[in-house]
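Engineer: Got a predicted structure plus its sequence, pasted below:
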Number of protein chains: 4
Amino acid sequence: MPDLDALNGMTEAAFVAALDGVFEHAPWVAGAVAGHRPFATVAALHDAMMAAVRSADDATCLAFLRGHPALSPGALADPSLTAASRAEQGGLGLDGLGADLGRFEALAVAYRHRFGFPFIVCVRRLTPPFVLRALERRVQGEPAAERVAALAEIGHITRLRLVERVQGPGMPRTGGHLSTHVLDTARGRPGAGIRVELLREGVPIREDVTNAQGRTEAPLIEGEPLRIGRYELRFHVADYFAGWPAVADPPWYDVIPVRFAVAEPEGHYHMPLLLGAWTYTTYRGS
Amino acid sequence: MPDLDALNGMTEAAFVAALDGVFEHAPWVAGAVAGHRPFATVAALHDAMMAAVRSADDATCLAFLRGHPALSPGALADPSLTAASRAEQGGLGLDGLGADLGRFEALAVAYRHRFGFPFIVCVRRLTPPFVLRALERRVQGEPAAERVAALAEIGHITRLRLVERVQGPGMPRTGGHLSTHVLDTARGRPGAGIRVELLREGVPIREDVTNAQGRTEAPLIEGEPLRIGRYELRFHVADYFAGWPAVADPPWYDVIPVRFAVAEPEGHYHMPLLLGAWTYTTYRGS
Amino acid sequence: MPDLDALNGMTEAAFVAALDGVFEHAPWVAGAVAGHRPFATVAALHDAMMAAVRSADDATCLAFLRGHPALSPGALADPSLTAASRAEQGGLGLDGLGADLGRFEALAVAYRHRFGFPFIVCVRRLTPPFVLRALERRVQGEPAAERVAALAEIGHITRLRLVERVQGPGMPRTGGHLSTHVLDTARGRPGAGIRVELLREGVPIREDVTNAQGRTEAPLIEGEPLRIGRYELRFHVADYFAGWPAVADPPWYDVIPVRFAVAEPEGHYHMPLLLGAWTYTTYRGS
Amino acid sequence: MPDLDALNGMTEAAFVAALDGVFEHAPWVAGAVAGHRPFATVAALHDAMMAAVRSADDATCLAFLRGHPALSPGALADPSLTAASRAEQGGLGLDGLGADLGRFEALAVAYRHRFGFPFIVCVRRLTPPFVLRALERRVQGEPAAERVAALAEIGHITRLRLVERVQGPGMPRTGGHLSTHVLDTARGRPGAGIRVELLREGVPIREDVTNAQGRTEAPLIEGEPLRIGRYELRFHVADYFAGWPAVADPPWYDVIPVRFAVAEPEGHYHMPLLLGAWTYTTYRGS
């Protein structure tokens, strides 16, 4: 994994080779910015590459968009798929769409037919139901706006690929943050020892226990995009107030589910729980 | 106090006499609607009288507006003041304006000079600081809009006078509602035995203790306008959680003040307090 | 359905016949209290019958307890089951225990073996998992305490049967209350038009929409026992803040689930939701 | 200001001189621990000095307690008062007791009469009303317990004096923390630009404005004892929701006062405000 200094000092050919695959089947993008080196930050390198894409002539741009693989389980068998695309799509879990998969495939075909290039979306930034929702919206878009939307997605895709290839100062922001905090408002102290589960689109993805400060030792999600989608935190509090006066049998609260949606994959989401014996409050914190 | 049936059955002269003083120095208003009897509701009677005022010609209307007394402590000495005006202004407490009284008097003079009639406002619907605020705003108004505003205030004034003169079906709404309710979210039950004070513009006006349902036996204000102005509830909870575990010495909460403003004198204001041992929540309830 | 006056005036034989089946296979209970008529209230009649049971000699009491049917799906086929027992058990849904059904059957056998009479519980006051939990606890009890517990359950069973047989003054309390109320704390008004689902042990049992006062037109449960068990309210708010400023896409809250447990079948449970755009609070209200 | 290393390396006479006045008129305390040097931490030095005091014989201990000045405005004129005592008492503001000052003086006389030494309390750790409350309680104590209480206060007094005299590793904890944080739950973001006042026993002592993170740039109190007493935060929010839909005129909330009591002078007190347009919640955070 080269650092930015090394990229800045390479021959043009080595530079282009080092960035091979960041832009799908498009070594010309790296070539177009090689002469602008040195870049002071990784973000500046990415910005320059995106600027080169945006200033390409129509035919080049269209060819570039067409060079992107179709999003579909079937596409994984396509030998021309780049390794990066394969890894990204493999993690997409489009099969998680279940009964909606057929609808997705049909809309993807309609999209390509309408715009002349495949539906491009940064699948690491959305959960499968929201990939489908994005397709449902974008298939109805205007061609000019849709080309802008596709390039914006390519910006997201290539930013994530670039930060996995290059180390250096000024890394672009690609990750979000999700954390929680339990305050015990009956005792006036942090809510410790509470098991917390995190589910995404109904699937458990993390589990932790609050510490003496009422927080998990590490954020629930950090350093990776928070996929646009629906989440649920489950606080297991059945025994938390055991021995407390005026506590009922069975306990008033057993599992406290808090459902919310993430809209900004690079955003900061803090989800406190103010837990009383007979009340709780949740809110988007900071 | 006549009832609506009696009013409906009177001679015109008796009808006009019975409503004397509802419209300031303007027996012609009652005279104008006497022929429209019988009225099915008290509200309909009031609507008809206001319609008569609004359809009067300019000179009559202006004379009517000019017939209203000036709002000022000095005006109380004016022997031409009607008994109703005297009672209303006496309760206004304009002297409560303190240092702002001079400003009020000067603006009232400017108002009369600008519009040709005195500043008219239903003083039973605003606290003194908001009477002043209303004057500060209205002195800058346009003449046509200001005449509308003055008539709207006369509507409020006469509605309040009418309901004190006449009994009958379909009384117009002239009163608001202010109540409170304490829920103990640490014990999951109503918060009983808590002393509650109500202040208006910093002056204590009511005091009560919550009952077993966490409510006061009667609303704090009911059946009279809630004066537009600033209010404060004070919940005395110092001993409420005595003996409870994890309670501090001195107790975390002693007096819980909740300040809010009333904007709708005939509105329904319910002010619950969700009281935990180390938290509380207030909101506008319903 | 006789009224209390009629019962008070019947011959003893007619009185015993009218109450046949309230106490399982035990017409002697009605016979023992016939001479105490007239009863002023239905509750007094029930109290007298329970007093007669509690003061019976050991052999009679044991025979009475033994006369109760076993709680089990198999028992429904027993031709000696009274109609009342059949209806109650049919609604129990013991098959809802699923994998735990075998455990239930084994414990019920162990219970009968240990105490000499079947496990008796008022199945209309608990959900199946809590019937099982009650059995798990009671199978470990001491014989004397367990006889007291069995009679207390018979008190619940017969009270419910009696109020379905007799009309009159002083009906004993047999029903609970569950209601909800949504307050919109972003707009300071009731939360109207929100679909609310109620689930019991994960099974949807009611559905309604909040009205202009933020309440459902009728309580979610009223006039029947709230079965001890776990409940969930689901507030469907995805579109509730549509058009509101600072609302995200997808909306921050979609479905708000609130899970809680009922411990008092005849209790009053009010479950308000204070709904802001980015927060909510739930508590046990009153 | 010497550092701990310097103190550890001094002659005994210089060491005793350097700590002169930390223990009131009692150079023997420093003398008693000089031979235990070196001390690894400032806290260990303080612990050793307190151990020396506690192990002194009765006569020495009593003489030491008697060597402490009386707490009273009059005492400030006493030329034998140490500079440290003078500064501490000068900041006490006993005159803030107002009408209670006479009661304080009388109880202080009664205390000295009962126990044979003056009422000793670390006045930097309590507000004047709570100094009085402490005296009211302690004057009723048992002599043995009261001597323990007096020595505990001397521990607080000398700890605060020592940390102002000596720098070094392992400083004992002498300061508390008070901070706030405003969350805007109507917009799902920090509450920025809100003026916050802090009052102690009704007297304004700090004022700040929340920054983009909804916090004040620095804690409201940090690095000094939080005096046991009553505090009030005032959040000035009249204009905060201006332009927001469904906001009333006058605005629903103008000033939000939150009153609370500090019980632990070295404690961590975090006071968040969850601010909605028509609701707010306060709690002890962490």
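Structural biologist: That came through fine. Quick caveat, the model's predicted, so the values are computed rather than measured. Residues are numbered from 1 along each chain as shown, chains lettered A, B, ... in the order given.
Engineer: dump the residue contacts of the residue most central in space within chain A.
Structural biologist: Closest to where the C-alpha atoms of chain A average out (CA atoms, centre = their mean) is A:Arg125, at 2.7 Å. Residues near A:Arg125 by CB atoms under 8 Å, 6 or more residues apart in numbering or on different chains: A:156, A:225, A:227-228, A:265. Heads up, the C-betas are built off the backbone N, CA and C, glycines and all.
Engineer: Mind checking which of these are in helices?
Structural biologist: Of the contacts of A:Arg125, the ones assigned to helices by DSSP state H are A:His156.
Engineer: Not counting its neighbours along the chain, what's nearest A:Gly285?
Structural biologist: Of all residues not flanking A:Gly285 in the chain, A:His270 sits nearest, at 3.8 Å (CB to CB, 6 or more residues apart in numbering or on different chains).
Engineer: I figured that neighbour was touching A:His181, is that so?
Structural biologist: Yes. Between A:His270 and A:His181 there is a contact at 7.0 Å, judged by CB atoms under 8 Å.
Engineer: Of these two, give the one with the bigger neighbour count.
Structural biologist: When A:His270 and A:His181 are compared for neighbours, A:His181 comes out ahead with 19 against 16, by other CB atoms under 10 Å in any protein chain shown.
Engineer: Could the C-alpha coordinates of the helix or strand harbouring the more buried one be exported in CSV?
Structural biologist: Assessed by DSSP states H and E, A:His181 sits inside strand A:177-184. Output in CSV follows, covering the C-alpha atoms of strand A:177-184 (Å, rounded to 0.1, in the frame of the first residue of the first chain):
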residue,chain,number,x,y,z
HIS,A,177,-20.2,7.0,13.6
LEU,A,178,-22.8,5.3,15.6
SER,A,179,-22.7,5.2,19.4
THR,A,180,-25.0,4.9,22.4
HIS,A,181,-25.1,5.9,26.0
VAL,A,182,-27.4,4.9,28.8
LEU,A,183,-28.2,7.3,31.6
ASP,A,184,-30.1,6.0,34.7
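Engineer: hmm, the helix or strand that comes right after it in reach of chain D?
Structural biologist: The element immediately downstream of strand A:177-184 (helix or strand, assigned by DSSP H and E) is strand A:189-190. Yes. Counting by CB under 8 Å from any CB of the partner chain, chain D has neighbours in strand A:189-190: A:189-190.
Engineer: which residues sit against strand A:189-190?
Structural biologist: Residues from elsewhere that reach strand A:189-190 (CB under 8 Å, 6+ apart): A:181-184, A:210, A:212-215, B:246, D:284, D:286.
Engineer: The same query, at a cut-off of 10 Å, please.
Structural biologist: A:181-184, A:210-215, B:246, B:278, D:284-286 (CB atoms under 10 Å, 6 or more residues apart in numbering or on different chains).
Engineer: In strands, which of the residues you listed fall?
Structural biologist: The strands, defined by DSSP state E, take in A:181-184 from these.
Engineer: A:Val131 reaches A:Leu71, doesn't it?
Structural biologist: Yes. In this structure A:Val131 lies within contact range of A:Leu71 using CB atoms under 10 Å: 7.3 Å.
Engineer: what is in contact with the two at once?
Structural biologist: A:92, A:94, A:104, A:119, A:121, A:123.
Engineer: between these, which is closest to chain C?
Structural biologist: A:Val121 (15.5 Å; CB to the nearest CB).
Engineer: In contact with that closest one, which residues?
Structural biologist: Each residue near A:Val121 by CB under 10 Å, 6+ apart is listed here: A:68, A:71, A:92, A:130-131, A:134-135, A:138, A:149-150, A:152-154, A:156-157.
Engineer: Produce a PyMOL select command limited to the buried residues of those residues.
Structural biologist: To isolate the buried members of these in PyMOL, using 16 or more other CB atoms under 10 Å in any protein chain shown:
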select buried, chain A and resi 68+71+92+130+131+134+135+138+149+150+153+154+156+157
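Engineer: Kindly identify which of the contacts of A:Val121 also come near chain C.
Structural biologist: By CB under 10 Å from any CB of the partner chain, the members of these lying near chain C are A:Phe130.
Engineer: Lowest-confidence member of the contacts of A:Val121, which is it?
Structural biologist: Least confident of these in the model: A:Leu92, at 61.
Engineer: And A:Phe43, what's its pLDDT?
Structural biologist: Rather than Phe, residue A:43 is Ala. pLDDT, read off for A:Ala43, is 97.
Engineer: what's the neighbour count on it?
Structural biologist: A:Ala43, neighbours per other CB under 10 Å, totals 18.
Engineer: thinking it is in contact with A:Arg173, fair?
Structural biologist: Yes. Between A:Ala43 and A:Arg173 there is a contact under CB under 10 Å: 8.3 Å.
Engineer: Identify the contacts common to these two.
Structural biologist: A:159, A:163.
Engineer: send the alpha carbons of the one helix or strand A:Ala51 maps to over as PDB?
Structural biologist: Using DSSP H and E, A:Ala51 sits within helix A:42-54. C-alpha atoms of helix A:42-54 as PDB (Å, rounded to 0.1, in the frame of the first residue of the first chain):
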ATOM      1  CA  VAL A  42      -5.400  12.200  -0.600                       C
ATOM      2  CA  ALA A  43      -8.700  14.200  -0.800                       C
ATOM      3  CA  ALA A  44      -7.000  16.500  -3.300                       C
ATOM      4  CA  LEU A  45      -5.900  13.500  -5.400                       C
ATOM      5  CA  HIS A  46      -9.500  12.200  -5.400                       C
ATOM      6  CA  ASP A  47     -11.000  15.600  -6.200                       C
ATOM      7  CA  ALA A  48      -8.600  15.900  -9.200                       C
ATOM      8  CA  MET A  49      -9.600  12.500 -10.500                       C
ATOM      9  CA  MET A  50     -13.300  13.300 -10.200                       C
ATOM     10  CA  ALA A  51     -12.700  16.600 -11.900                       C
ATOM     11  CA  ALA A  52     -11.000  14.800 -14.800                       C
ATOM     12  CA  VAL A  53     -14.100  12.500 -15.100                       C
ATOM     13  CA  ARG A  54     -16.500  15.400 -15.000                       C
END
